[in-house]
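> Turn this into a structure:
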Amino acid sequence: MILNISRAIGVVATVFVAGSAWAQESENRVAANTDWSVFVESDPNECWAVSAPKETVNEREGTIVSVRRGDIRLIVFFRPAEGVAGQVMFAGGYPFASGSTVTMEVDGTSFDMFTENETAWPATPEDDAKFVAAMKRGADAIVTGRSGRGTQTQDTFSLLGFTAAVEEAASRCAG
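Reported below is the predicted structural model:
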């Protein structure tokens, strides 16, 4: 499947916006729904629901290892000026192995995400919608990826508050 270049550029830009807003949460955070927060940026109008993992396991050659990673976030993004509504993105906190995919499992259903440097996302807006629907029904999302150094990572995100956060972000960026 070929990934739309403008979609990829938008996802990369999202990482920078979301990362800076997370650090400045007193300015941009407009809601917190249990394990998920909602952020809004006004210029341009962008809204996103975001969460950090509850558990992270890093493994190399079958052994759990300690590794240094940047911010790890699962994000659902809305950018009305570009027609983006419910774009899913995972920021892994490290460069993914070239050509690798990331897998997200929600209640026994697995979804693949394409990678670019430190981010991963579904291939199409239709796939985004499938991820979001599963996440609304699920309790946890387990995201598994592989770094360029060969470390397998598994990040577990609670989905408690996900539906409320995504609906809040969508309503704040409606129209």
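> for Thr119, which residues make a bridge with it?
Ala91, Glu116 (DSSP bridges).
> let's number from 57 now, not from 1
Done: numbering now begins at 57, and the last item shifts to Thr175.
> and it, what pLDDT?
The model reports Thr175 with a pLDDT of 96.
> Go ahead and confirm it touches Val144.
No: judged on CB atoms under 8 Å, Thr175 makes no contact with Val144 at a distance of 10.8 Å. Quick note: C-beta positions are derived from backbone N, CA and C, even for glycine.
> more neighbours, these two?
Comparing Thr175 with Val144 by neighbour count (other CB atoms under 10 Å), the higher total belongs to Val144, at 25 against 22.
> Quick one: residues contacting the more buried one.
Leu130, Ile131, Val132, Phe133, Met169, Trp177, Pro178, Asp184, Phe187, Val188 (CB atoms under 8 Å, 6 or more residues apart in numbering).
> Quick one: mark the members of these that sit in strands.
If you go by DSSP state E, the contacts of Val144 have Leu130, Ile131, Val132, Phe133, Met169, Trp177 in strands.
> Asp196 is in contact with the first one, correct?
No: the pair Leu130 and Asp196 does not pass the contact test of CB under 8 Å, sitting 10.9 Å apart.
> Need the overlap of contacts for these two.
Phe213.
> ok, the two, which is more surrounded?
Set Leu130 next to Asp196 and count neighbours by other CB under 10 Å: Leu130 wins out with 25 against 17.
> That one pairs with what?
Ser107, Phe146.
> got the residue ranges for the helices in this structure?
61-79, 81-84, 181-193, 218-228 (DSSP state H).
> quick one on the thing from earlier: can I get the ones in strands among the contacts of Val144 in JSON lines with distance to Thr159?
As requested, the ones in strands among the contacts of Val144 are exported to JSON lines (distance: CB to CB, whole Å):
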{"residue": "Leu130", "distance to Thr159": "13"}
{"residue": "Ile131", "distance to Thr159": "17"}
{"residue": "Val132", "distance to Thr159": "18"}
{"residue": "Phe133", "distance to Thr159": "20"}
{"residue": "Met169", "distance to Thr159": "7"}
{"residue": "Trp177", "distance to Thr159": "13"}
